[in-house]
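**Student:** kindly generate the corresponding structure for this input.
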Amino acid sequence: ETDSEPEYSYADYSLATGNMAENLPYFTVNYNAAKSFFENLTFSIPEFESKVAQNMVPGSFILKNKLVSFSISIKKEILNVRNVLGIIRGVDTTKTIVIGAHYDHLGIQNGRTYYGADDNASGTSGMLALAKVWKQSNNKPPCNLVFAAWTGEEIGLFGSEYFVHTLGANTNQILLYINMDMISRSAPEDSLQNQLSIGTRSQDVQLKQITNTGNTLLKQPFQLDLWDVNGYSGSDYASFTAKNIPVMTFFSGFQTDYHTPRDVYAKVDLKKMTEVLNLVNSALLLFMQQ
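**Tutor:** Numbers count the residues shown, from 1 in each chain. This next block holds a predicted model:
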């Protein structure tokens with residue numbers, strides 16, 4: 001008898017907030033640099049590698065009386081990047097709900113294109129689909145609806161942080177931020193492909209209730225993972241929680257092609273993505289009816 005696989009939530013994969021440069025400093029070195037650490041020592045790297053490979057356990061040890069100096073050169077480059085926003089004005093133009101997703105990805109690295117179909121063309125196209133539905137409905141929402149495509153998420157939430165910074169003292173005008181980041185795939189352990197993670201702040205109990213109610217309205221309800229975003233910074237929702245703005249962040253699961261060139265459109269689950277958007281829209285409607 002073996003132990004079953006542990007269940008993980010989105011929070012388990014998210015980095016805790018804080019300055020990573022202070023929390024986890026590190027340098028990556030190549031083989032030749034590592035080899036130089038052992039000069040003048042009676043130590044054989046090939047023998048060490050063979051032993052580790054044979055025993056399948058780490059062989060870490062302390063290098064006594066060894067001083068290693070590191071240096072780093074930084075090239076600063078100023079780039080002009082943009083958030084792209086659209087607005088549907090509501091009955092009360094002093095209050096706003098923001099629906100957003102980051103549209104940046106990893107670009108081209110070492111000659112290989114990182115397409116980012118799930119991360120995060122799925123969230124961006126989902127945001128645009130919702131904007132289209134609301135625009136074509138000709139229904140005037142009770143408050144403003146801002147649809148936002150954020151830049152610079154992958155390198156530090158730059159776009160969404162800039163947006164909330166420009167709000168100044170008017171953050172109380174934002175009633176809710178809805179975030180969509182990777183909503184078209186499933187984690188390998190999600191055999192039924194019906195799991196969905198939705199993060200809210202612990203104090204926003206009504207948002208959890210809205211989520212559960214909206215889920216029951218679907219033809220095939222999701223298996224929900226409702227988690228607490230407090231203390232995590234995995235996506236643009238963190239820019240809003242830092243300003244004490246309620247959030248709902250939607251995520252369909254970490255897949256094995258995450259941040260690789262294999263994250264392509266052919267692997268997108270359009271059926272699941274459509275149901276995610278149905279739930280997002282239901283949650284939006286239920287929130288505005290409060």
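
**Student:** got the contact list for Ser160?
**Tutor:** 83, 100, 102, 148, 150, 153, 236, 239-240 (CB atoms under 8 Å, 6 or more residues apart in numbering). Yep, even glycine has a C-beta here, placed from its N, CA and C like the rest.

**Student:** so which of the residues you listed are in strands?
**Tutor:** Among the contacts of Ser160, DSSP state E puts 100, 102, 148, 150 in strands.

**Student:** what sits against the residue lying closest to the first one once chain neighbours are set aside?
**Tutor:** Okay, so that is Gly100. Nearest in space to Gly100, with sequence neighbours left out and distances taken as CB to CB, 6 or more residues apart in numbering, is Ala148 at 3.8 Å. Residues near Ala148 by CB under 8 Å, 6+ apart: 83-85, 98-101, 127, 160, 163.

**Student:** got a pLDDT number for Ala148?
**Tutor:** You'll see Ala148 listed with a pLDDT of 99.

**Student:** where's Ala53, which helix or strand?
**Tutor:** Applying DSSP states H and E as the criterion places Ala53 in helix 45-55.

**Student:** chain center to that helix, what's the gap?
**Tutor:** Centroid separation for helix 45-55 versus its chain: 38 Å, with CA atoms, centre = their mean, to the nearest Å.

**Student:** what's the neighbour count on Gln206?
**Tutor:** Counted with other CB atoms under 10 Å, the neighbours of Gln206 add up to 13.

**Student:** what does Pro58 give?
**Tutor:** By other CB under 10 Å, neighbour count at Pro58 equals 7.

**Student:** verify the stated contact: it with Val52.
**Tutor:** Yes: taking contacts as CB atoms under 8 Å, Pro58 lies within contact range of Val52: 6.9 Å.

**Student:** which among the contacts of Ala148 end up buried?
**Tutor:** Buried subset of the contacts of Ala148 (neighbour count, 16 or more other CB atoms under 10 Å): 83, 98-101, 127, 160, 163.

**Student:** now do the SS call for Ser122.
**Tutor:** Three-state secondary structure (criterion: DSSP: H, G, I helix; E, B strand; the rest coil) places Ser122 in helix.

**Student:** distance of it from Gln54?
**Tutor:** Ser122 sits at a distance of 44 Å from Gln54 (criterion: CB to CB, to the nearest Å).

**Student:** ok, those two, which is more surrounded?
**Tutor:** Between Ser122 and Gln54, counting by other CB under 10 Å, Ser122 is the more crowded of the two (28 against 8).

**Student:** that one and Gly111, how far apart?
**Tutor:** Ser122 is 25 Å from Gly111, where distance means CB to CB.

**Student:** now swap in Glu161 and tell me
**Tutor:** From Glu161 to Gly111 the distance is 31 Å (CB to CB).

**Student:** cool, and Ala149?
**Tutor:** From Ala149 to Gly111 the distance is 27 Å (CB to CB).

**Student:** these two: which is more packed in?
**Tutor:** Ala149 (21 against 5).

**Student:** partner residues bridging that one?
**Tutor:** Counting by DSSP bridges, Ala149 is bridged to Val84, Ala101.

**Student:** pull the longest helix from this protein.
**Tutor:** helix 270-288 (DSSP state H).

**Student:** ok now stretch 220-239, how far from the chain's centre?
**Tutor:** Offset of stretch 220-239 from its chain centre (CA atoms, centre = their mean): 9 Å.
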